[in-house]
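Q: Starting from these lines, generate the structure:
(chains A and B)
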Protein chains: 2
Amino acid sequence: MIVADGRAIGRGATQPGGRPHAEAVALAEAGDAARGATVYVSLEPCAHRSERGPACADLLIAAGPARVVAALEDPDPRTSGRGFARLREAGIAVDVGEGAEAAARSMEGFFSRIRRGRPFVTLKLALSIDGKIALPSGESKWITGVESRAHVHQLRAQADMILVGRGTYEADRPQLDVRLPGLEHLSPRRAILTRGIPVEGWATLSAPEQISSLHDVNDLLVEGGSGAASALLTADLVDRLLIYRAPILIGEGRSSVGYIGLSDLAAAHGRWRFADSRPLGMDRLEVYERVRSSEA
Amino acid sequence: MIVADGRAIGRGATQPGGRPHAEAVALAEAGDAARGATVYVSLEPCAHRSERGPACADLLIAAGPARVVAALEDPDPRTSGRGFARLREAGIAVDVGEGAEAAARSMEGFFSRIRRGRPFVTLKLALSIDGKIALPSGESKWITGVESRAHVHQLRAQADMILVGRGTYEADRPQLDVRLPGLEHLSPRRAILTRGIPVEGWATLSAPEQISSLHDVNDLLVEGGSGAASALLTADLVDRLLIYRAPILIGEGRSSVGYIGLSDLAAAHGRWRFADSRPLGMDRLEVYERVRSSEA
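A: Okay, here's the model as predicted:
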């Protein structure tokens, strides 16, 4: 966002596919009024020219704002720190760090891709109090209520790709689309985890580790079932758990997660941190984040 | 509590075994100063003289306070409403209802006994995120952390009796005592649910319905295992669930609850209401209450 005299004179978001960047969009709107203004960005403006467009640092220097306020430095080594340096050399004041936490949260998929070479992985489970996903018969419609199911559609709209296991594909033939009015076009691509034959219209992964090959996927949502969840957890590739917890007991029934490689209980501890919970109708959404000591 | 000129001049709690009542204790402390004072009680003063002591209504009338403030009317038919009527006839002002919800909560065991002829039953489960209580090997020490386990000892101190199944008794030979300094004397009596031979020092119930025979038990705490929990749930005799939820995934392992008589998922809904959750160290305590439409 570009602000002059307390008024927003240009807004922008990076467009689907990654270009143009938010800065280019906002500067185009502001035009000459950007001179002397303040530019607010989530991420450090890029310093590398590409075939797909000029570097944002160059665009900004040409537009001549007085100040750039950024939440985060770009982890991409082609820019990291260089974008800010170029702006400062051109006499533009640069402030970094305001709103860093919120920005990092919204860009964790992008950061995961840059830093770890794989998407940020969210595992979604709809569970009873006692952790079941279905009756012994397989009946699972519905564990959670309408509010939870609507929330899952929002979640899908924010994901780049959704992964399910072969069993869930065969049993449910899920659409996995976004059924929220106005957001249907955000339905993500679909992938199936299987060593068997591929499914038309679906990406195929034969092992959890192959998520690294999904180069244009920043946010991967794993929607089940138990087999896919267990495989991703065993490979330690899940970064966040979203538990949609219904206020019901099922007792005898199907468990949400199978063997995940635990040798003893001590190995289970210290891996997950409770991050948040909130009501969704009669249900509750519980958020757990993977604790990775190397990343603090 | 008896208050005169803004100062507490007498305090009392009903003593172990049920007598003397709180009013008698507080009036004895206040002595003549009770005349013209205000008396605060949780429950309507009793109107029935018994072999174990005089009626509290008579004691109060003799002491001559100006006002009695009570949270709740006594559900016991020997008193219900009569205690208040006697006080009013004697010229004492009576206010009822202040703090009613908190008082009802602290006396739910007493109320359950009077109204339903059975104790108020709390089922405690220490669970992983995915609802497991142990690894496949049976290893269950520990799912939850020290804060949760200390909280369980408080819970035991508030219960009149603790019930476990035969399996848990045989596997753990649990002490079920209160190990909090100064509260050891509050260790509750112990009961075992078994059709087999009784255990010395333990009450024996051969079926869940026999909790009605525990005439001096207002608060019954069910501590496990899966068999006892399932039996009580199938008989619909659980009033409150306390879930000590550890931030761990177990996957393949032992489930907390077995068959509880569900024919379909619809039957599972509408029975439990999420009441509260709060952190206990790294764990969370989740409280669910049984919704019984007849009691609103």
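
Q: just the helices in the stretch 101-250 of chain A please.
A: With DSSP state H, counting those that start in this stretch as the criterion, the stretch 101-250 of chain A has helices at A:108-116, A:146-158, A:166-172, A:226-234.

Q: Looking at chain A, what residue ends up closest to chain B?
A: Nearest residue of chain A to chain B: residue A:131, at 2.1 Å (C-beta to the nearest C-beta). For glycine as for every other residue, the C-beta is placed from the backbone atoms N, C-alpha and C.

Q: quick one on the thing from earlier: which of the helices of the stretch 101-250 of chain A is buried the deepest?
A: Burial of those is given as mean neighbour count (mean count of other C-beta atoms under 10 Å in any protein chain shown); helix A:226-234 ranks first at a mean of 22.

Q: about what we covered before: would you reformat the helices of the stretch 101-250 of chain A as CSV and include mean pLDDT and distance to chain B?
A: Shown next, in CSV, are the helices of the stretch 101-250 of chain A (pLDDT from 0 to 100; distance: least, C-beta to the nearest C-beta, whole Å):
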stretch, mean pLDDT, distance to chain B
helix A:108-116, 90, 19
helix A:146-158, 92, 12
helix A:166-172, 84, 15
helix A:226-234, 96, 6
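
Q: just to revisit the earlier point, could you measure the residue of chain A closest to chain B against residue A:243, distance?
A: For residue A:131, the distance to residue A:243 (C-beta to C-beta, to the nearest Å) stands at 9 Å.

Q: residues contacting the residue lying closest to residue A:270 once chain neighbours are set aside?
A: Excluding the flanking residues, the one nearest residue A:270 by C-beta to C-beta, 6 or more residues apart in numbering or on different chains is residue A:291, at 6.4 Å. Listed by C-beta atoms under 8 Å, 6 or more residues apart in numbering or on different chains, the contact set of residue A:291 reads A:270, A:271, A:272, A:273.

Q: pLDDT wise, what is residue A:291 at?
A: With respect to pLDDT, residue A:291 has a value of 96.

Q: what does the one 3 residues further on give?
A: With respect to pLDDT, residue A:294 has a value of 59.

Q: What of residue A:10?
A: On pLDDT, residue A:10 comes in at 92.

Q: residues near it, how many?
A: 22 (other C-beta atoms under 10 Å in any protein chain shown).

Q: The one 5 residues further on now?
A: Per other C-beta under 10 Å, the neighbour tally for residue A:15 reads 12.

Q: I'd say it and residue A:25 touch.
A: Yes. Applying C-beta atoms under 8 Å, one finds residue A:15 in contact with residue A:25, separated by 7.1 Å.

Q: Make CSV from the helices of the stretch 101-250 of chain A and add distance to residue B:216 to it.
A: What follows is these, written out as CSV (distance: least, C-beta to C-beta, whole Å):
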stretch, distance to residue B:216
helix A:108-116, 57
helix A:146-158, 44
helix A:166-172, 52
helix A:226-234, 46
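
Q: any idea how far the residue sitting nearest the centre point of chain A is from residue A:108?
A: The centroid of chain A falls nearest to residue A:219 when counting by C-alpha atoms, centre = their mean (3.7 Å). Relative to residue A:108, residue A:219 is positioned 8 Å away (criterion: C-beta to C-beta).

Q: Common neighbours of these two, please.
A: The contact sets of residue A:219 and residue A:108 overlap at residue A:120 (C-beta under 8 Å, 6+ apart).

Q: what helix or strand is residue A:86 on?
A: Counting by DSSP states H and E, the secondary-structure element that holds residue A:86 is helix A:82-89.

Q: what's in contact with that helix?
A: So helix A:82-89 is contacted by A:44-47, A:55-58, A:60-61, A:68, A:70, A:73-74, A:94, A:96 (C-beta under 8 Å, 6+ apart).

Q: hmm, try it at 6 Å
A: Outside helix A:82-89, the residues that touch it by C-beta atoms under 6 Å, 6 or more residues apart in numbering or on different chains are A:44, A:45, A:46, A:47, A:57, A:68, A:94.

Q: next one: stretch A:271-285
A: Stretch A:271-285 is contacted by residues A:144-145, A:147-148, A:151, A:244-247, A:286-289, A:291, B:247 when judged by C-beta under 6 Å, 6+ apart.

Q: cool, and stretch A:17-36?
A: A:2, A:4, A:9-14, A:45, A:52-53, A:56, A:59, A:63-66.

Q: hmm, try it at 8 Å
A: A:1-2, A:4, A:9-15, A:37, A:39, A:41-42, A:45-46, A:52-54, A:56, A:59-60, A:63-66.

Q: so how far is it off the chain centroid?
A: Relative to its chain's centre, stretch A:17-36 lies at 25 Å (C-alpha atoms, centre = their mean, to the nearest Å).

Q: Can I get that stretch in PDB? Just the C-alpha atoms.
A: What follows is stretch A:17-36, C-alpha atoms only, in PDB (Å, rounded to 0.1, in the frame of the first residue of the first chain):
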ATOM      1  CA  GLY A  17       1.200 -17.100 -10.800                       C
ATOM      2  CA  GLY A  18       3.600 -14.800  -8.900                       C
ATOM      3  CA  ARG A  19       3.700 -11.800 -11.300                       C
ATOM      4  CA  PRO A  20       3.300  -8.900 -11.400                       C
ATOM      5  CA  HIS A  21       4.500  -8.300  -7.800                       C
ATOM      6  CA  ALA A  22       2.400  -6.200  -5.400                       C
ATOM      7  CA  GLU A  23       4.800  -3.300  -5.700                       C
ATOM      8  CA  ALA A  24       4.300  -3.000  -9.400                       C
ATOM      9  CA  VAL A  25       0.500  -3.100  -9.100                       C
ATOM     10  CA  ALA A  26       0.400  -0.400  -6.400                       C
ATOM     11  CA  LEU A  27       3.000   1.900  -8.100                       C
ATOM     12  CA  ALA A  28       1.000   1.700 -11.300                       C
ATOM     13  CA  GLU A  29      -2.100   2.900  -9.400                       C
ATOM     14  CA  ALA A  30      -0.300   5.700  -7.600                       C
ATOM     15  CA  GLY A  31       1.500   7.000 -10.700                       C
ATOM     16  CA  ASP A  32       3.400  10.300 -10.100                       C
ATOM     17  CA  ALA A  33       1.800  10.700  -6.600                       C
ATOM     18  CA  ALA A  34       4.200   8.000  -5.300                       C
ATOM     19  CA  ARG A  35       7.000  10.600  -5.200                       C
ATOM     20  CA  GLY A  36       7.700  11.500  -1.600                       C
END
